[in-house]
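A.B. asks: From the sequence below, what's the structure:
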Amino acid sequence: MASRAEPFPFEHGVTDLIQTFRAAQREISAQVIATVKAGNLERAGQRRLQLASLLALLDQIGAQTEPIARRIVAEAHAQGAAATVTQLGASVAPEIPGAFNGISREAVAALQDSMVGRLRDSRLTVGRQAQDVYATAGRRAALRAILGAEGSPRAAARQLAQDLQRDKDIARLVKDSRGAVGFVDKAGKRWSMDTYAEMVVRTTTRQAVVQGQVDRMASHGVNLARVSTHSSSCPICIPLEGKLISLDGTVSGYQGEPVADSSSLPPLHPNCRHTIYPVVATVDATRERMAANA
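C.D. replies: Alright, predicted model coming up:
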C-alpha cells in the first residue's frame with residue numbers, strides 16, 4: 001500500500017511566512033487604493049512620495065522574508081531526508097553517507113535561490129506596475145493642466161481619480177473587489193502578491209522535501225521510490241499516485257509492475273503536496289548493480 005503524505009514540522013514556518021505576505025498584501029493594496037481615491041496623484045511631489053513609500057514597503061518585505069524562506073527550504077530538505085531514513089529503517093546504516101552532504105548543499109542552495117528569486121521578481125513586478133500607474137497619472141495631470149480641463153484644478157483632480165479607477169493600468173493592479181494589488185505573469189494569469197507567494201513557497205518547499213528524499217535514497221543506493229497518496233487529489237496527481245519511480249531512470253519494471261522515470265517525481269503541479277518513499281526491497285540489488293558498474 002502506498003504511503004500517505006504527512007505534514008512536516010517546517011510547514012508551521014510556511015504558514016507564518018504566508019501570513020506575512022498576506023499582511024503585506026493588505027497594506028500595499030490599501031496604500032494604492034487610498035492614493036488613487038484621494039485624487040492627489042496629479043501633484044508630482046505626491047506621486048514621488050507615494051511611490052517611494054510603496055517601493056520601501058516592498059524592500060522591507062524582501063528583507064523580512066528572504067532569510068526565512070531560505071531557512072524553510074533547508075529545513076524542508078533536511079526533514080525530507082530524515083523521513084526517508086525512518087522509512088528505510090534497519091535496511092541501511094543510520095550514519096549519513098559522505099556523498100549526501102555535498103549533494104544536499106548544492107540542492108538546497110539551488111532551491112533557495114529559486115524561491116527567493118521568484119518572490120523577488122513578484123515584488124519587482126508589483127513595483128514596476130505601480131510606477132506605470134503613477135506615471136500615467138503624471139502624464140494625465142500635465143495634460144489637464146495645459147488644457148485647463150474641467151475649469152478648475154479641483155475638478156481636474158476629481159476627474160483624474162475617476163479615470164485612473166477605470167484605466168486598464170490600475171485594473172491590472174486592482175485585481176478584484178477586495179482591492180488585491182498584484183500582477184499578470186508571463187502566461188497571462190493574474191496573481192495577487194500573497195497568492196503568488198503562497199504558491200511559490202508551498203511548491204518550492206515540497207520540491208525541497210522530495211529532493212531531500214531523493215538525495216538520501218541515492219546516497220544509500222536506493223533507486224526505486226513510490227509516490228504518496230492523498231485522500232483528496234487533483235486529476236493531475238491521481239494517475240501517478242502509488243506509482244513506482246526509478247530515480248536514475250535505469251529501471252523500467254519491478255516484479256511485474258511498470259516503473260516511471262524521474263520526470264514523474266512530485267511536485268506534479270503548483271501547490272502539489274505529494275512526496276515519495278523508498279521501496280526498500282531493492283536496496284541490496286541496487287547496491288550490487290551500482291558496485292558492478294563502478
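
A.B. asks: remind me which residues of the stretch 151-294 of the chain are low pLDDT?
C.D. replies: Under the criterion pLDDT under 70, the flagged ranges of the stretch 151-294 of the chain are 151-184, 281-294.

A.B. asks: Would you map the helices across it?
C.D. replies: 153-166, 168-173, 193-219, 283-293 (DSSP state H, counting those that start in this stretch).

A.B. asks: Please export the C-alpha coordinates of stretch 271-279 as PDB.
C.D. replies: Output of stretch 271-279 as PDB, limited to C-alpha atoms (Å, rounded to 0.1, in the frame of the first residue of the first chain):
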ATOM      1  CA  ASN A 271       0.900  23.700  -4.700                       C
ATOM      2  CA  CYS A 272       1.200  19.900  -5.000                       C
ATOM      3  CA  ARG A 273       1.700  18.200  -1.700                       C
ATOM      4  CA  HIS A 274       2.800  14.700  -2.800                       C
ATOM      5  CA  THR A 275       6.100  13.100  -1.700                       C
ATOM      6  CA  ILE A 276       7.800   9.800  -2.300                       C
ATOM      7  CA  TYR A 277       9.000   6.900  -0.100                       C
ATOM      8  CA  PRO A 278      11.700   4.300  -0.700                       C
ATOM      9  CA  VAL A 279      11.000   0.800  -2.000                       C
END
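
A.B. asks: Scan the protein for its longest helix.
C.D. replies: What stands out as the longest helix in the chain, according to DSSP state H, is helix 98-147.

A.B. asks: Pretty sure residue 89 sits against residue 277.
C.D. replies: No - with contacts defined as Cβ atoms under 8 Å, residue 89 does not count as touching residue 277, sitting 11.4 Å away. For glycine as for every other residue, the C-beta is placed from the backbone atoms N, C-alpha and C.

A.B. asks: The two - which one has more neighbours?
C.D. replies: residue 277 (20 against 10; other Cβ atoms under 10 Å).

A.B. asks: Report the separation between that one and residue 76.
C.D. replies: Distance from residue 277 to residue 76, counting by Cβ to Cβ, to the nearest Å: 16 Å.

A.B. asks: quick one on the thing from earlier: tell me the angle the longest helix of the chain makes with helix 193-219.
C.D. replies: Put simply, helix 98-147 runs at 160 degrees to helix 193-219, going by axes from the mean of the first three to the mean of the last three Cα atoms, to 10 degrees.

A.B. asks: So residue 76 versus residue 202, what's the distance?
C.D. replies: From residue 76 to residue 202 the distance is 10 Å (Cβ to Cβ).

A.B. asks: Look at the two and report which has more neighbours.
C.D. replies: Using other Cβ under 10 Å as the criterion, residue 76 and residue 202 rank with residue 76 on top: 28 against 20.

A.B. asks: What is the burial count for residue 254?
C.D. replies: Look at residue 254: counted by other Cβ under 10 Å, it has 16 neighbours.

A.B. asks: Could you give the bridge partners of it?
C.D. replies: Note on residue 254: beta-bridge partners by DSSP bridges are residue 257.
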